[in-house]
Structure formats: C-alpha cells, structure tokens
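>>> Pasted the sequence and its predicted model underneath.
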Amino acid sequence: SRSEIHYFGAGPAPLPTPIIEAGAAAFQNYKDKGIGIAEISHRSADANEVLAQTKEALATLLDIPTGDDGYEILFLQGGGSGEFSAVVYNLVSVWVERRRQRIAQELGDNEEQVLERLREEVQKELMLDYLVTGSWSLKASQEAARLVGSEYVNVALDARKVNGGKFGDIPAESEWNLTLSKGKGPGAALTYYCDNETVDGVEFPGFPAVLEPKGDDNPIVVADMSSNFISRRVNVRNYSVIFGGAQKNVGVTGITITIVKKSLLPPHSKHADPALLRKLGLPVGPIVLDWPTIAKNNSLYNTLPIFDVWIAGQVMRRLLDMYGTEKIQGQEKVSGTKAEMIYRVLEKYPDTYHIVPVKAIRSRMNICFRVGGGDDAKEKEFLAGAEKRGLQGLKGHRSVGGIRASNYNAVELEGAQKLVQYLEDFAKGT
Ligand code: PMP
C-alpha cells in the first residue's frame with residue numbers, strides 16, 4: 001500500500017497523501033455539488049475561484065510582487081518543453097518591437113527605411129544567450145536554434161567543456177561568454193539558464209551575480225525551475241521569467257506555471273506584429289504559447305485543466321499552513337536536511353558510491369550517484385535491494401544511467417531516513 005512505499009522518481013513525482021485523498025474526493029464530488037472538479041467549466045465561478053486562490057497562494061509562498069510593476073502568473077499547457085519554445089517566441093518578439101520603436105523614433109515614419117534598418121540590426125545584434133549546464137538547458141538551447149536559427153543563439157557556457165565532456169560542474173562566472181558583457185549592444189533578447197538540472201543533478205547554488213539587475217540595462221533573465229520550483233527562497237525581482245512544469249514539486253502533469261514580468265507584456269511592452277516577424281524571417285508562435293494572449297485572458301484563452309490548478313493550489317496552501325510565516329524557507333530547511341543526510345552517507349562510503357556532480361553545485365533535488373564504479377550488475381543489485389524495502393523510482397535517467405534519488409518536497413523525512421539506512425546497509429554488505 002501507499003504507506004509502505006517511498007518513491008524517488010524524478011517526475012511525475014509523489015504528492016502528499018492528504019492531497020491525493022482530497023483530490024480523489026474533489027474528482028468525484030467537488031464541494032458537495034454532485035459533480036467532480038474535472039467536469040465543470042473552466043469559465044465557471046468555481047474554476048475562477050480555484051485560479052485566483054492558486055495564484056494567491058503562489059504569490060504568498062514566493063513573495064511574488066503582483067502590482068503594476070510586478071509579475072503576472074500564467075498557467076499554460078505544453079509542459080516545460082512548451083516554454084522552451086514560448087520564451088523564444090515571446091522574448092524575440094519583445095526585442096524586435098523595442099528595436100523597431102527605437103529606430104522609428106530616429107528615422108520617422110518611413111516604414112521601408114525602418115524595416116531595412118531593423119533587418120540589419122536583427123542580423124547583427126539579435127542574440128539569445130544560453131547557459132548550458134545539463135540536459136535540459138541543452139534541449140532549450142537546441143529548441144531556440146531550431147526556431148530562430150543557430151546564428152542567433154549564443155551558448156555562453158557549455159559546462160561539459162570544463163568537466164571532461166560530461167555535465168557535472170558549473171565554471172566560474174568570469175568564464176561565461178555572455179552577450180551582455182561583450183559590448184555587442186544593448187543586451188541579449190534573453191539570458192537563459194536551468195536552475196536545477198534534473199538529469200545531471202546540478203543546481204545553481206544561488207542567483208548568478210553577473211546577471212543581477214543593474215539599473216537601466218537589466219538583462220532579461222529566464223530560469224527553468226521545473227525541478228526545484230517552490231523548494232527554496234527565490235528573489236523573484238532578479239528574473240524576467242521563471243517557469244516550471246507542475247509534475248515534480250507542484251502537482252500533477254498537465255500545467256506549466258510561468259511567472260513573467262509585467263513590463264514584458266502589454267500595455268508596458270508591445271509585442272511585434274506577426275507580419276513584421278514574418279518579413280524579418282523570424283518565427284511567429286502558436287497562440288496558446290503567446291503570453292500576452294494568455295495574460296489578457298487570465299490563463300483561460302482555451303480550456304485549462306482546472307483540476308491540475310486545484311491540486312497545485314492545495315499543495316501550495318499546505319506548505320503555507322505547515323510553515324506559517326516562514327513560508328518557503330520552512331520547506332527550504334527540510335529539503336536541505338534531507339539532501340544533506342543522503343549526501344553524507346554517500347560520502348561516507350567512497351568505495352561503494354560516487355556522487356556524479358562536484359560538491360559546490362550538486363542538487364538538493366536530484367541526487368545522482370554511481371554504485372560500484374558504475375558497474376551495471378552492481379547498480380541492478382542496488383536497485384533490486386531498494387525495491388525490496390519499498391524504495392522505488394531510483395533508476396537514473398536513461399541517457400546517463402546510474403542512480404538518482406529525487407528529493408522533492410513530498411518525499412518525507414521518513415523516506416529519506418529509510419534510504420539513508422539502505423545506503424548504509426548496502427555499503428556494509430548487510
Ligand atoms: N525542464 C526540466 C528541468 C525538466 O526536468 C523537465 C522534465 N523532466 C523539463 C524541462 C521538460 O518538461 P516537460 O516534460 O513537462 O516538457
């Protein structure tokens with residue numbers, strides 16, 4: 001039964017049992033209305049209430065400023081991967097429109113001249129910066145290159161180059177080759193990184209100092225937080241965009257949460273006319289990934305899975321109830337404690353275990369290690385022994401192999417303790 005299992009899968013991932021139970025009840029009969037929450041209209045008053053409450057819980061939990069100079073919280077579909085594309089479509093569009101306006105101010109209303117100059121500037125200066133520190137930021141950079149062409153994508157850092165061809169380290173900021181520091185003009189259309197690399201077990205210890213806002217010419221920083229969303233404090237003001245799929249720390253698969261600075265949306269920032277983008281050979285995104293459209297419609301442009309939003313809201317509300325005024329810092333402490341326990345025992349038996357990433361950047365969420373020097377039979381034996389104790393989902397990602405213990409919010413302290421005990425016993429051969 002559920003109480004005998006501890007699941008360490010990387011996503012979809014476990015949810016707190018009380019949420020699963022409440023979810024089962026709401027699925028059948030929401031608020032005693034005789035109909036389930038997945039059956040009601042996404043435009044009903046109930047659905048609107050769910051949306052509003054979930055947004056409010058998230059804003060409270062992460063201290064997200066929601067005033068006019070703050071952030072919009074959007075719910076989208078298409079997963080984390082959908083946002084790999086959305087960030088490109090939307091932020092290239094913002095960049096182009098800002099350039100067009102500046103050029104139009106300088107050259108006046110002559111559309112042909114403006115277009116000609118804009119074309120030149122796009123070719124010379126449009127740049128999307130990617131910090132590639134693992135499989136997911138690599139995928140995001142590849143999607144950008146697929147959409148706009150690799151000539152517009154600057155891989156400002158490929159972490160494999162400092163680590164023998166594999167992910168597992170993040171070089172010092174002074175070695176990043178950022179457009180914003182190359183004097184190429186007023187900055188990249190976006191600077192992208194993945195805060196926690198789920199496959200490689202690499203997490204940024206904090207916000208990169210070189211990307212901090214500095215007055216007028218702030219870099220447009222985008223972070224994928226799919227696998228460490230709501231697990232630690234975040235200074236939201238450092239970011240232009242934060243996104244994450246729900247299926248790890250937040251809820252069930254099917255929604256992606258995108259927190260986007262209002263200054264990048266209308267009326268503050270117009271996005272480029274699709275006809276103009278087409279003339280420039282730049283892509284026009286599908287409407288369901290168009291942030292201005294989603295924002296204008298309160299995330300209800302098309303049918304939103306309200307059940308998913310409800311689950312996310314319950315998860316967030318539960319954290320607020322559990323940790324009170326500490327808010328997300330309460331969860332941060334617990335996540336840190338569990339991760340430390342597991343890393344400590346792995347370090348204690350270096351003949352049996354090898355932690356994949358270097359210490360300074362290893363993830364609190366996805367703990368990646370090898371057993372018996374990566375010997376296949378030994379790792380199979382490890383996994384089989386774990387299963388016998390009800391410790392499931394420990395197999396590493398198929399692309400890298402090895403073992404991965406995902407330490408998401410819903411993994412209980414008791415689960416982490418059982419894993420620690422097993423790691424101890426396996427190393428001792430008992
Ligand atoms: N980013 C990260 C960090 C991920 O871990 C994942 C999925 N595991 C994705 C993006 C892709 O998410 P999705 O499968 O929802 O498209």
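Cool, got the structure.
>>> Give the ranges of residues in the chain that sit below the confidence cut-off.
Applying pLDDT under 70 to the chain flags the ranges 181-186, 216-217.
>>> Let me see the ranges of the strands in it.
6-7, 71-76, 128-132, 153-158, 190-194, 196-197, 202-203, 221-224, 241-245, 256-261, 353-355, 366-371, 391-392, 403-406 (DSSP state E).
>>> Could you look over those and pick the most buried one?
strand 196-197 (a mean of 30; mean count of other CB atoms under 10 Å). The way it works is simple: take the backbone N, C-alpha and C, and place the C-beta from them, glycine included.
>>> I'd like to know which elements that one is packed against.
helix 135-148, strand 202-203 (3 or more CB pairs under 8 Å, 6 or more residues apart in numbering; DSSP states H and E).
>>> Please list the residues outside the shortest one that contact it.
In this case it means strand 202-203. By CB atoms under 8 Å, 6 or more residues apart in numbering, the surrounding residues in contact with strand 202-203 are 133-134, 159, 167-170, 195-197, 228, 357, 361-365.
>>> could you redo the last one with a cut-off of 6 Å?
Contacts with strand 202-203, where a contact means CB atoms under 6 Å, 6 or more residues apart in numbering, come from 133-134, 196, 357, 361, 363.
>>> Around the ligand, pick out the residues from the stretch 51-200 of the chain.
By the rule CB under 6 Å from any ligand atom, the part of the stretch 51-200 of the chain lying against the ligand is 79-81, 136, 194, 198.
>>> again, only this time at 5 Å
When proximity is defined by CB under 5 Å from any ligand atom, the stretch 51-200 of the chain lies next to the ligand at 79-81, 136, 198.
>>> of those, buried ones?
79-80, 136, 198 (16 or more other CB atoms under 10 Å).
>>> measure the spatially most distant residue from the centre of the chain to the ligand for me?
Ranked by distance from the centre of the chain (CA atoms, centre = their mean), the top residue is Asn110, with 42.2 Å. The spacing between Asn110 and the ligand, counted by CB to the nearest ligand atom, to the nearest Å, is 44 Å.
>>> what does Pro283 give?
Taking CB to the nearest ligand atom as the measure, Pro283 falls 19 Å from the ligand.
>>> Wait, that residue touches Leu147, no?
Yes - applying CB atoms under 6 Å as the test, Pro283 and Leu147 come out as touching, 5.0 Å apart.
>>> what packs against the lengthiest helix in the chain?
Among the elements of the chain assigned as helix by DSSP state H, the one spanning the most residues is helix 79-107. Other elements packing on helix 79-107 under the criterion 3 or more CB pairs under 6 Å, 6 or more residues apart in numbering; DSSP states H and E are helix 111-125, helix 135-148, strand 241-245.
>>> Give me the number of neighbouring residues for Asp425.
12 (other CB atoms under 10 Å).
>>> now the one 3 residues further on
For Lys428, the number of neighbouring residues by other CB under 10 Å comes to 9.
>>> ok, now Gly9?
17.
>>> got the contact list for it?
Taking CB under 6 Å, 6+ apart, one finds Gly393 in contact with Gly9.
>>> And the nearest residue to Ser240 once chain neighbours are set aside, how far from Leu211?
Closest residue to Ser240 apart from its sequence neighbours, by CB to CB, 6 or more residues apart in numbering: Ile220 at 4.4 Å. Note on Ile220: its distance to Leu211, by CB to CB, to the nearest Å, is 10 Å.
>>> coming back round to it: as CSV, the strands of the chain with distance to Asp32 would be great.
Shown next, in CSV, are the strands of the chain (distance: least, CB to CB, whole Å):
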stretch, distance to Asp32
strand 6-7, 31
strand 71-76, 26
strand 128-132, 49
strand 153-158, 53
strand 190-194, 43
strand 196-197, 40
strand 202-203, 43
strand 221-224, 39
strand 241-245, 32
strand 256-261, 29
strand 353-355, 50
strand 366-371, 40
strand 391-392, 35
strand 403-406, 36
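>>> Of all those strands, which one comes closest to Leu58?
strand 71-76 (6.0 Å; CB to CB).
>>> Can you spell out which helices and strands pack onto the closest one?
strand 256-261.
>>> Val356 contacts Gly168, correct?
Yes - taking CB under 6 Å as the definition, Val356 is a contact partner of Gly168 at 5.5 Å.
>>> Next up, the contacts around Val199.
135, 397, 400.
>>> what do you get if the cut-off is 7 Å, keeping everything else the same?
134-136, 397, 399-400 (CB atoms under 7 Å, 6 or more residues apart in numbering).
>>> Which one (most neighbours) among those?
Busiest of the contacts of Val199 [other CB under 10 Å] is Gly134, holding 28 neighbours.
>>> pretty sure that residue contacts Asp200?
Yes - in this structure, Gly134 is within contact of Asp200 by CB atoms under 7 Å, at 3.8 Å.
>>> Quick check: neighbours shared by those two?
What both Gly134 and Asp200 touch, as defined by CB under 7 Å, 6+ apart, is the set Phe167.
>>> Which positions in the longest helix of the chain come out as buried?
79-80, 82-97, 99-100, 103-104.
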